[in-house]
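Novice: Return a 3D structure for these sequence lines:
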Amino acid sequence: MSSLDRRPCPVCGEQIAAAARKCRFCGELFDEPADARDEPAGDGTGGLIPYKNVPALIGYYCGVFSIIPCFCIGLAGLVLGILGLRKVARHPEVKGTVHAWIGILAGGFFGLLWLGLTILGVVFGR
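Specialist: The predicted structure is shown next:
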């Protein structure tokens, strides 16, 4: 057996076979090696944050913060949410559909609300 077929035991540090399910020195039992599992390794967020879909993620935050009376934040959330949905349509593995929809709905609603109130304020404020 070559040194490539061996790995250190995570408990006692002795060199054991790479495919071993039990350390012969300390008796520790191991799960299956990560490369033998069928499921892909996930990210640290559990898939909740679509970090590969930046427009959807920024659109989400713009949509959430569009409650602040500034119509440009909401309109940015609307536009970025649409771009995020387009990216999901082209590359489904990037995720972010819910984040994009929140950016579209919240950003669109509050962006148009603040834009309308700004226009009313300018027109009737004179």
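Novice: Let me see the domain layout of the protein.
Specialist: Domain assignment for the chain, taken from automatic domain parsing, gives 1-31, 39-124.
Novice: which of those domains is buried the deepest?
Specialist: Highest mean neighbour count among the domains of the chain (mean count of other C-beta atoms under 10 Å): domain 39-124, with a mean of 17. All C-beta atoms are positioned from the backbone trio N, CA, C, and that covers glycine.
Novice: that older thread, dump the domains of the chain into CSV; add mean pLDDT as well.
Specialist: Converted to CSV, those look like this (pLDDT from 0 to 100):
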stretch, mean pLDDT
domain 1-31, 82
domain 39-124, 90
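Novice: and the closest residue in space to Glu93 that isn't next to it in sequence, which of the three is it?
Specialist: Counting by C-beta to C-beta, 6 or more residues apart in numbering, Lys52 is the residue found nearest to Glu93 once chain neighbours are left out, at 7.7 Å. When classified by DSSP: H, G, I helix; E, B strand; the rest coil, Lys52 comes out as coil.
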